[in-house]
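Asker: okay, predicted coordinates and the sequence, questions at the end:
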Amino acid sequence: MHSTPSSNFMRALLADIEAVEYMLDHQWFETGVARIGAEQEICVVDAKTYKPLPLAVEILESMPNCPWLDNELARFNLEINLQPQDFTGACFQTMEQEILQRLQEIRDNLGPFNAELLLTGILPTIRKHDLERHNLTPRERYNLLIDAMTAQRNGQAFEFRLRGIDELQVRHDTPLLEACNTSFQIHLQVNPEEYARMYNFALALAGPTLALGANSPIVFGRRLWHESRIALFQQALDVRTTHDHLRERSTRVNFGNNWVENSILDIYREDLARFRTLIARESEENVEEKIRRGETPLLLALRLHNSSIYRWNRPYYGISPNGKPHLRIENRILPAGPSVVDQMANTAFWTGAMIGCQLHYADVRQKMSWEDARSNFEKAAAFGLDSKFSWFDGQKISARDLLLQELIPLARLGLQARQVASADIDQYLGIAEARMKGHTNGAIWQLNSYSTLRRKLREDEALVTLTAAIHNRQKQNLPVHEWTPPSADDLPHYQAKSLKVEEFMTTDLFTVQKDDLIQLVAKLMDWRRIQYLPVEDHKGHLCGLITARLVLRHLAKQTELEQPAAEQVQDIMIAEPISVHPSLLILDAIKLMRDKKIGCLPVVQNGELVGIITENDFLDITARLIEQWEQ
């Protein structure tokens, strides 16, 4: 495998696309068969701290006879590949039981690793330092992909900026920010002659489906979009760089650029035209010779290129057990969780709605614009069930009303047409209806719970408690509309000894500069009830520290007969304060403060002031530990 595509690989890619065209023209593809499948991504967390545990490789090695289990991009993620099911009968119940069984098989092997499993779109306890290069799963393909994307940035850092209730702006040196995301990806096999029509229905349903299943509102302790995965995935893998001109460039993670007109070939051709191949692999497959012999080709080059372009509805070429090629739509929109039964409710809704649309609408392009479909998707990512959509025939309707009044009933008709068991329909669509009636989903539950916890707990403890609560309810396989708020019982023993400074420090800083008046410092300390003010320059670099004691000493001298000459911050500040790096353990920071007899530590990374910890910050955690000891 190579990071620089070769001419041979490009020839193979073109040959694969020509092979798809030939197979379509000569009706090679399997028809009249409908199957569903899924991929379950999982977070591996420490059983005590509920933070990412980078032992997925070791866990996989301890389960050598499990071909259904695989690694993912990060060392703290695993993936279960589920058996395809005929889209009829008790298919959803069968899929749910398979997921539960596989999860239990993994849990049975986790004892030596002190690990647990969690299903969530973005793990609330994930931290920026969990996304460093050393946590990349050691596979050649992943390394080449990361290197190729990094090279296309021409030395510019990857950035993530998003605003919801809170705001987050962060830079990272690799695309590994994408590893925050954990999905439940659904596959639907469709007839080739219906592919364009069905794919367009998938685009139209993207917004409502996302609103129903949103479950990723918190990133690095910030409350952002209801489904922050959408923006995070797009920005994390965005290899575009800024330019002075207004030339349009598509991101590798995208909704698409228009409706599909004719067939799956429209998508494959557009993706080859718009996106450079990032990695190449020499293939011994002679596609032309296989076609001449009447054999189904693997299309390895096309599959490899397709795997590096992340459409939210991805085109998929597969081969059925009977040896015939088939086409699928892979729905990558939905997050993992909140529980397995919730995921199956999302699956039943999306697949049922797809069939319902197929039965009741000739062409979605006659009912709404592509721009409205994309706008609905972006609204759903940002606002979830609080979105207002532009729907068929110019209708303006809330996400909740659209789902409850139109789309869930349409999904019911679609599932009935596929002769899905009535018990499955009632159970899973009943969960979707209950969410709408209660105006809740995973994102809303997390946002409400975290906001309540933050009124009582520090950020890290609130995130850990939230994650523990998700884990406890998820293991019972309760649908999210039945979840109770987190309580102290969810986290009886908060683990603080492994905390790093970056997880504990205050980042909402009040600072001054060298030439500010000391009177301003006194006022700020009085107004904000703080004892320490870092001094920074206009670039955000730490250059001093002002303490309440220094200000009091200055004010005391002003009462003396001889007035002091000091007027500005630089006249009295500590010029070279002791500072620490964000990666330092909290216990080491406490020891440093005790040994040096200081009450404050500015936190500096690459010369830039990023946070502060003070003696008062430790009172909260000390009180919590004393409460635990008494209990």
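Answerer: Ah, there it is. Numbering: from 1, shown residues only.
Asker: show the contacting residues for the closest residue to Asn346 other than its chain neighbours.
Answerer: In space, Asn346 comes closest to Gly213 once its chain neighbours are excluded; the distance is 4.2 Å by CB to CB, 6 or more residues apart in numbering. Every C-beta, even on glycine, is put in place using the N, C-alpha and C of the backbone. Residues near Gly213 by CB atoms under 8 Å, 6 or more residues apart in numbering: Ile333, Leu334, Pro335, Asp342, Gln343, Asn346, Asn441, Gly442.
Asker: want to throw those into JSON lines with secondary structure?
Answerer: Converted to JSON lines, the contacts of Gly213 look like this (DSSP: H, G, I helix; E, B strand; the rest coil):
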{"residue": "Ile333", "secondary structure": "coil"}
{"residue": "Leu334", "secondary structure": "coil"}
{"residue": "Pro335", "secondary structure": "strand"}
{"residue": "Asp342", "secondary structure": "helix"}
{"residue": "Gln343", "secondary structure": "helix"}
{"residue": "Asn346", "secondary structure": "helix"}
{"residue": "Asn441", "secondary structure": "coil"}
{"residue": "Gly442", "secondary structure": "helix"}
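Asker: what does the pLDDT read for Leu499?
Answerer: We have a pLDDT of 78 for Leu499.
Asker: look up phi and psi at it.
Answerer: Leu499 adopts backbone torsions of phi -60, psi 140, taken as degrees, to the nearest 10.
Asker: for Cys43, same thing?
Answerer: With angles defined as degrees, to the nearest 10, Cys43 sits at phi -90, psi 130.
Asker: and it, how close does it get to Pro67?
Answerer: 22 Å (CB to CB, to the nearest Å).
Asker: what's the answer for Ser390, then?
Answerer: 45 Å.
Asker: in the stretch 101-250 of the chain, which spans are strands?
Answerer: Using DSSP state E, counting those that start in this stretch, the strands assigned to the stretch 101-250 of the chain run over residues 115-118, 158-163, 167-172, 184-190, 218-219, 222-223.
Asker: winner for burial among these?
Answerer: Each of these was scored by mean neighbour count; the highest is strand 218-219, a mean of 27, by mean count of other CB atoms under 10 Å.
Asker: which residues sit against it?
Answerer: 122, 124, 126, 160, 162, 168, 180, 224, 228, 232, 446-447, 450, 463, 466.
Asker: taking those together, which two end up most distant?
Answerer: Maximum pairwise distance among those (CB to CB): 21.0 Å, between Phe160 and Leu466.
Asker: where do the strands of the stretch 401-550 of the chain begin and end?
Answerer: Going by DSSP E, counting those that start in this stretch, the stretch 401-550 of the chain shows strands at 532-536, 542-547.
Asker: so can I have CSV of those strands showing distance to Asn606 and mean neighbour count?
Answerer: CSV is the format used below for the strands of the stretch 401-550 of the chain (distance: least, CB to CB, whole Å; neighbours: other CB atoms under 10 Å):
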stretch, distance to Asn606, mean neighbour count
strand 532-536, 14, 23
strand 542-547, 11, 22
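Asker: and Glu140, which of these is closest to it?
Answerer: strand 542-547 (41.4 Å).
Asker: how about residues contacting that closest one?
Answerer: Strand 542-547 is contacted from outside by 512, 514, 521, 531-537, 569-570, 572-577, 579, 599-600, 602, 604, 607-609, using CB under 8 Å, 6+ apart.
Asker: quick one, which of Ser390 and Pro67 is more surrounded?
Answerer: Taking other CB atoms under 10 Å, Ser390 and Pro67 do not tie; Ser390 has more neighbours (17 against 8).
Asker: OK, contacts around the nearest residue to Glu58 once chain neighbours are set aside?
Answerer: Excluding its sequence neighbours, the residue lying closest to Glu58 (CB to CB, 6+ apart) is Phe113, at 6.8 Å. Contact partners of Phe113, counting by CB under 8 Å, 6+ apart, are Leu53, Leu55, Glu58, Ile59.
Asker: for Asp173, which non-adjacent residue is closest in space?
Answerer: That would be Ala157: by CB to CB, 6+ apart, it lies 5.9 Å from Asp173.
Asker: measure the one you found to Trp312 for me?
Answerer: Distance, Ala157 to Trp312, using CB to CB: 25 Å.
Asker: Ile264 too?
Answerer: According to CB to CB, Ile264 and Trp312 sit 16 Å apart.
Asker: got it, and Asn71?
Answerer: 23 Å.
Asker: with Ile546 instead?
Answerer: Following CB to CB, the distance that separates Ile546 from Trp312 is 50 Å.
Asker: same question for Leu69.
Answerer: Distance check for Leu69 against Trp312: by CB to CB, it reads 25 Å.
Asker: what's the answer for His26, then?
Answerer: To Trp312, His26 is 31 Å away according to CB to CB.
Asker: do the same with Leu237
Answerer: Distance, Leu237 to Trp312, by CB to CB: 13 Å.
Asker: also Leu73?
Answerer: Note on Leu73: its distance to Trp312, by CB to CB, is 17 Å.
Asker: kindly report the same for Val464.
Answerer: As judged by CB to CB, Val464 and Trp312 stand 31 Å apart.
Asker: more crowded one of those two?
Answerer: Using other CB under 10 Å as the criterion, Val464 and Trp312 rank with Val464 on top: 25 against 22.
Asker: next, count neighbours for the closest residue to that one other than its chain neighbours.
Answerer: Excluding the flanking residues, the one nearest Val464 by CB to CB, 6+ apart is Tyr50, at 5.2 Å. By other CB under 10 Å, the residues close to Tyr50 number 26.
Asker: tell me which residues touch Tyr50, please.
Answerer: Contact analysis of Tyr50 by CB under 8 Å, 6+ apart lists Glu116, Leu118, Thr125, Val464, Thr467, Ala468, His471.
Asker: tell me which of those is nearest to Thr277?
Answerer: Leu118 (34.7 Å).
Asker: for the closest one, which non-adjacent residue is spatially closest?
Answerer: Nearest residue to Leu118, sequence neighbours excluded (CB to CB, 6+ apart): Cys43, at 4.4 Å.
Asker: also Ile397?
Answerer: Spatial nearest neighbour of Ile397, excluding adjacent residues (CB to CB, 6+ apart): Trp391 at 5.4 Å.
Asker: burial count for that neighbour?
Answerer: Residues lying near Trp391 (other CB under 10 Å) number 22.
Asker: give me the pLDDT for it.
Answerer: For Trp391, pLDDT reads 98.
Asker: what does Gln156 give?
Answerer: On pLDDT, Gln156 comes in at 71.
Asker: quick one: it from His481, how far?
Answerer: Going from Gln156 to His481 by CB to CB gives 43 Å.
Asker: next one: Tyr142
Answerer: Look at Tyr142 and His481: by CB to CB, they are 37 Å apart.
Asker: who's more crowded, these two?
Answerer: His481 (22 against 17).
Asker: list the contacts for the more buried one?
Answerer: His481 touches Ile431, Ala434, Arg435, Gly438, Thr440, counting by CB under 8 Å, 6+ apart.
Asker: please repeat the previous calculation with a cut-off of 6 Å.
Answerer: Contacts for His481 (CB atoms under 6 Å, 6 or more residues apart in numbering) come out as Ala434, Arg435, Gly438, Thr440.
Asker: from the residues you listed, pick the one nearest Asn191.
Answerer: Arg435 (31.6 Å).
Asker: test my guess that the closest one contacts Ala443.
Answerer: No - taking contacts as CB atoms under 6 Å, Arg435 lies outside contact range of Ala443: 10.9 Å.
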